[in-house]
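*Asks:* Got a predicted structure here, sequence first:
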Amino acid sequence: MPVLRRADPFMSLVTVEDISVAYGADTVLAHVSLTVEPGEIVTIVGPNGSGKTTLLRSLIGAVRPTSGRVIHKPGLRIGYVPQKLHIDPTLPITVARFLRLPGGKSRSACARALTRAGVPDLSGRQMSGLSGGQMQRVLLARALVNEPEILLLDEATQGLDQPGSAAFYRQIEDVRKETGCAILMISHELHVVMSASDRVICLNGHVCCEGTPEIVSTAPEYRALFGSGTGGALALYRHDHDHAHDESCGHDHGHDHGHDHPHPTKTEAAE
Ligand SMILES: Nc1ncnc2c1ncn2[C@@H]1O[C@H](COP(=O)(O)OP(=O)(O)OP(=O)(O)O)[C@@H](O)[C@H]1O
């Protein structure tokens, strides 16, 4: 069984224990371990082909690790926002119908999810007529219908312009504030995302380094992959933590997730 459920009231939402994943002869993830705690925002960064999507897919049970295991808190509700969803333009389907598709969700739950995703007025619109930004909000709403305890986002702002993606990430922070759900996301938009994250995991087939955005951005492993340019961008987006973190680029599980996390400082670039 690739995904286990363990009964422990104090356990993490998700625990990845030393997983490796191979496609045929190609090992794309080697000995990856991580946890996601209730209410935290964790961002996975890494170059193309570094195994980020594979990691998310193994979390939802869509990819089977060759070794190691993925453990979910029992009864864990997961919301998944894919990179993109191709809708056949000749298929007439409204947003409301799309949201209710996976098993007769109530109208009120769908309306609530659209409001949480910041698009309360889209329910009567045709899916094929949505802009890229609206589509991503609808995919977010779909992931929110079941009131997830953890939201997985796979490069959810791909194709959006900078203001569009900044607005999307602000919405994600609002969702976390309102619902308390944890967020595990993949993104290439380092300067926006690293500011909004409690913790960043830098992946390149294995976990290169992990910690607060400030710590990861100065880690030699991270700089070797991404250069030092983002260090300047990060300075624009200081995240005001009101809790302590480990000061090393190692595992950083010691902080308190039970309280409110402030938004990143607003900046010109985030407007
Ligand atoms: N279903 C599959 N079958 C075979 N190889 C795959 C499959 N899915 C992914 N791969 C390969 O595994 C490696 C990791 O892919 P993955 O999509 O997990 O990386 P990624 O970090 O998400 O990449 P990107 O940033 O480009 O989206 C790549 O070399 C990819 O070609």
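*Replies:* Here it is on my side, so go on. Source: prediction; values computed, not measured.
*Asks:* Tyr169 reaches Ala196, doesn't it?
*Replies:* Yes. In this structure, Tyr169 is within contact of Ala196 by C-beta atoms under 8 Å, at 5.3 Å. Where you see a C-beta, it was placed from the backbone N, CA and C, and this is true even at glycine.
*Asks:* Give the buried residues for stretch 220-227.
*Replies:* Tyr222, Arg223, Leu225, Phe226 (16 or more other C-beta atoms under 10 Å).
*Asks:* now do stretch 32-41
*Replies:* Buried, per 16+ other C-beta under 10 Å, within stretch 32-41: Val32, Leu34, Thr35, Val36, Glu37, Gly39, Glu40, Ile41.
*Asks:* try stretch 97-109
*Replies:* Phe98, Leu99, Arg100, Lys105.
*Asks:* same thing with stretch 150-166?
*Replies:* In stretch 150-166, counting by 16+ other C-beta under 10 Å, buried: Ile150, Leu151, Leu152, Leu153, Asp154, Glu155, Ala156, Thr157, Leu160, Gly164, Ser165, Ala166.
*Asks:* Just confirm the fourth one contacts Ile172, I think it does.
*Replies:* Put plainly, it is Leu153. Yes. With contact defined as C-beta under 8 Å, Leu153 reaches Ile172; the gap is 7.2 Å.
*Asks:* Now for those two: what residues contact both?
*Replies:* Common neighbours of Leu153 and Ile172 (criterion: C-beta atoms under 8 Å, 6 or more residues apart in numbering): Ile183, Met185.
*Asks:* still on that earlier bit, widest-spaced pair of the buried residues of stretch 32-41?
*Replies:* Val32 and Gly39 (22.4 Å; C-beta to C-beta).
*Asks:* which non-adjacent residue is nearest Leu85?
*Replies:* Using C-beta to C-beta, 6 or more residues apart in numbering and skipping residues adjacent in sequence, the residue nearest Leu85 is Leu139, 6.0 Å away.
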